[in-house]
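Trainee: this one's sequence-less:
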């Protein structure tokens, strides 16, 4: 069972990213995935978060307890939720928006300039999809095929190309990130 | 018919009242007091129904609660006696559930302007295709004559024993300013004009509002020492001024003051359903599927 | 009667509980919704407004919840399959006209996505504290049917069930969801239309001259007509005879209200539905409903691992209450453990039904979050000690 | 009916004659019909009906022209008028 929290500020597509992770896992990878989200003023103002539990079996307890993966797309989202991340968890951050402290325990940090990439692609609103492409590679939680299908089937038709492009950029960045890391380990 | 009918003083063989096809004669005599005006208003409604172009099977009556609310029980139509103040939303559901129906709401001032005031303003705003006959007797009569949202200033009621100090609603103005497409006011004495107005309102599409001033002898007239229902009818005779097209801002009713009656508003505006269908057709084109009723 | 394919979104979808309720309603043939926005239920009507225009149906946003419920009763009587959706404060406002629906025997469905209360309480967080209000909230005597889902899949399925039960018994029927289930997104599998069985409305075959709107059939449920069919009926919220005319005396009250109550009570074996597991040799039975029945499973698994014999009775239909089955089980076991997100509602019914034959332990939770399975586990241990 | 001077279209004028029907026991004695009959055809009976009201009686049956106002004003559906015969105008 994997518990994931995605945090950021309103308008970054945090909830949508949680939705796409859950959809990829449950609909296209045939696992079980339960998405819950924080509602209320917090979803409209500064920070918001989505929680996904992905499991081989039915998810009984719907909320996350100690997440294995934290995706932080804002400094506030990082500060608020980092302490709750599992000691051997993965931390995925937007490197321009989040300045992390030195990692605790065996936590590994993976960073991507998702906002910058989305701006390069001409639309800020797809930072979440860039991050999702990155997430797909880094976590290996969902298959590449499921991830692509989930993106394609979760965005409006007119924005599909843009979103798939964003996914590819994030995905490619993730591959390169891992290759670089491997290299540095090998050296 | 077991009752004796009299012509002159000579009993004759029974015949039925010409309104019998619209009234539930098995429930007459009704519960209203002697000289109450609600029965007269009902006769005007029945008279209008004889002339409208809509089959009686498609005309429904919805009432709320109270003396006027009992009208639903006396009409031989699909009729619904709902909860206090909720006649308009009930009628809204009935109408939208089957748009072929013509739904007439007949209820009192307490029901429509008091507890149901919010529904009145919103039904008018939406231009829901309904006819509202609001029988105004200036008090909550069935509960014993408490102050209503229509009680004229200084009038005595059971909850304003020293006289009413709350400003009452000017109902035609309220309905018109909220968007009603047909607004009229008559008294129970103006039976023919009232029947004509009801006929026009039923034949019209959209939110029609007719205020009917009715004598309440047992409660309102007695407590204010105004005599009985006949005295109130005489008062209407002497004090009602017919002024079609009058500015609705000038239709306040003062205690024992002139009452301006007439047809004040008769305009065209798309109804709730017209707007819903037109807009969806425009936006969704071929994909839009209009709801036609329960057999859809 | 099978569902109409045009209404059914067959396939696997990733939906939250509220949207799954909408799809359930559409599959059931719902074509009229009146509602007023209230968190956390609003997503249900939002989806209806998106879907209705392309499949034929009307949504109207009323001015308040009193109006919404009144409109639903009106629409039911003009032949629509009508529904409204609300939560906490809105549910309280609907109570008077829920009584009207019971009295007028209008088939209709009300979805309550429960939140923490009283008053405005916790708009964005769950609760299960309307379970007694749904049963007793309107004035006077009447019976209703209520179901409680614990997943988006069940939100879909139970909404269809609710429509079917409301048609069969001509009674307002409730889906008692909660914020957790309503805002939880999971896979929902919607079967093809020909696999969805619907209960047809019980329209009369009698002529207007023969028809009496409140004359019951054998199962105590009368046949219905719809306004505009030429039957010229009178329907009132007052106590009425079989003709529908108001009659103000105790004999008519006795006949009518007893039937309104008995049509559910005497048919309860057909209505009641629950899941039962390992009750054969159970020492203790975990009895729950809705989201609590789901978060209790880890606790049950843990207790079983330790050799505690835990059975499960999970209510699908909460009202009418399965009192007979609970009494039978009470005679064989030590205790019932009842976790619910309130300070004791359904547990009172369990106590009543057990008639002193077994201990009954409440695991209360004030709402705002779901139970910690650990607390339920502790209660199970306590109960077998 | 007699005119002082015969109208030009006298042969076309038809004045209907009404026949009044009164449901004695249904009446609640409001006297609207008596008060507003334009030809004063009705008067209140001195007798009571079983509810204690004085229903109207027809005082001048020949004068009723079937205008129907009594029927419309009656809150009790207790009085109505049917057509009896039509008079031709005489000079």
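Mentor: Now that the structure is in, tell me what you want to look at. All values reported here derive from a predicted model rather than from experimental measurement. Numbering: from 1, shown residues only, chains lettered A, B, ... in the order given.
Trainee: Now for residue 71, how many residues are close by?
Mentor: Because you didn't say which chain, this covers chain A. Neighbour count for residue A:71, taken as other CB atoms under 10 Å in any protein chain shown: 34. Backbone N, C-alpha and C define where each C-beta goes, glycine included.
Trainee: please go with chain C instead
Mentor: Neighbour count of residue C:71, defined by other CB under 10 Å: 32.
Trainee: And the residue in chain D positioned nearest to chain B, how far from chain A?
Mentor: Distance from chain B to each residue of chain D (CB to the nearest CB) is smallest for residue D:75, at 2.8 Å. Applying CB to the nearest CB, to the nearest Å, one obtains 58 Å for the distance of residue D:75 from chain A.
Trainee: Check what pLDDT that residue gets.
Mentor: The model reports residue D:75 with a pLDDT of 96.
Trainee: and the stretch 101-250 of chain C, which residues reach chain B?
Mentor: By the criterion of CB under 8 Å from any CB of the partner chain, the positions of the stretch 101-250 of chain C lying close to chain B are C:104, C:226-238, C:245-246.
Trainee: Show only the entries of those found in helices.
Mentor: In this view, those that belong to helices under DSSP state H are residue C:104.
Trainee: Okay, domains of chain C per the record?
Mentor: C:5-195, C:276-383 (automatic domain parsing).
Trainee: Just the element for the residue nearest to residue C:278 when sequence neighbours are not counted, please.
Mentor: Counting by CB to CB, 6 or more residues apart in numbering or on different chains, the nearest residue to residue C:278 once its immediate chain neighbours are dropped is residue C:311, at 4.6 Å. Under the criterion DSSP states H and E, the helix or strand holding residue C:311 is strand C:310-315.
Trainee: what helices or strands is that strand leaning on?
Mentor: The helices and strands touching strand C:310-315, judged by 3 or more CB pairs under 8 Å, 6 or more residues apart in numbering or on different chains; DSSP states H and E, are strand C:274-277, strand C:284-289, helix C:297-305, helix C:323-330.
Trainee: avg pLDDT for it?
Mentor: pLDDT averaged over strand C:310-315 gives 98.
Trainee: now what about the very next helix or strand once past that strand, what contacts it?
Mentor: Reading on from strand C:310-315 to the C-terminus, the next helix or strand found by DSSP H and E is strand C:317-319. Strand C:317-319 is touched from outside by C:131, C:134-135, C:143-148, C:174, C:176, C:271-274, C:289, C:346, with contacts defined as CB atoms under 8 Å, 6 or more residues apart in numbering or on different chains.
Trainee: Please report phi then psi for residue D:76.
Mentor: Torsion angles at residue D:76 (phi, psi; degrees, to the nearest 10) stand at phi -110, psi 0.
Trainee: Check residue C:83 too.
Mentor: Torsion angles at residue C:83 (phi, psi; degrees, to the nearest 10) stand at phi -150, psi 150.
Trainee: Next one: it relative to residue C:75, how far apart?
Mentor: For residue C:83, the distance to residue C:75 under the criterion CB to CB, to the nearest Å works out to 9 Å.
Trainee: Are there residues contacting both of the two? Which ones?
Mentor: Common neighbours of residue C:83 and residue C:75 (criterion: CB under 8 Å, 6+ apart): C:32, C:108.
Trainee: Could you check which of the two has the larger neighbour count?
Mentor: Counted by other CB under 10 Å, residue C:83 and residue C:75 do not tie: residue C:83 has more neighbours, with 34 against 31.
Trainee: In this structure that one contacts residue C:73, no?
Mentor: No - between residue C:83 and residue C:73 no contact is recorded; they are 11.6 Å apart, counting by CB atoms under 8 Å.
Trainee: joint contacts of the two?
Mentor: residue C:108.
Trainee: Could you count how many residues lie near residue B:196?
Mentor: 18.
Trainee: Within the helices and strands, which one has it?
Mentor: In this structure, residue B:196 sits in helix B:191-203 according to DSSP H and E.
Trainee: right, quick check: that helix against chain C, any contact?
Mentor: No - using CB under 8 Å from any CB, no contact is recorded between helix B:191-203 and chain C, whose separation bottoms out at 15.3 Å.
Trainee: Name the residues of that helix that are buried.
Mentor: B:191, B:193, B:194, B:195, B:196, B:197, B:198, B:199, B:200, B:201, B:202, B:203 (16 or more other CB atoms under 10 Å in any protein chain shown).
Trainee: No further questions, thank you.
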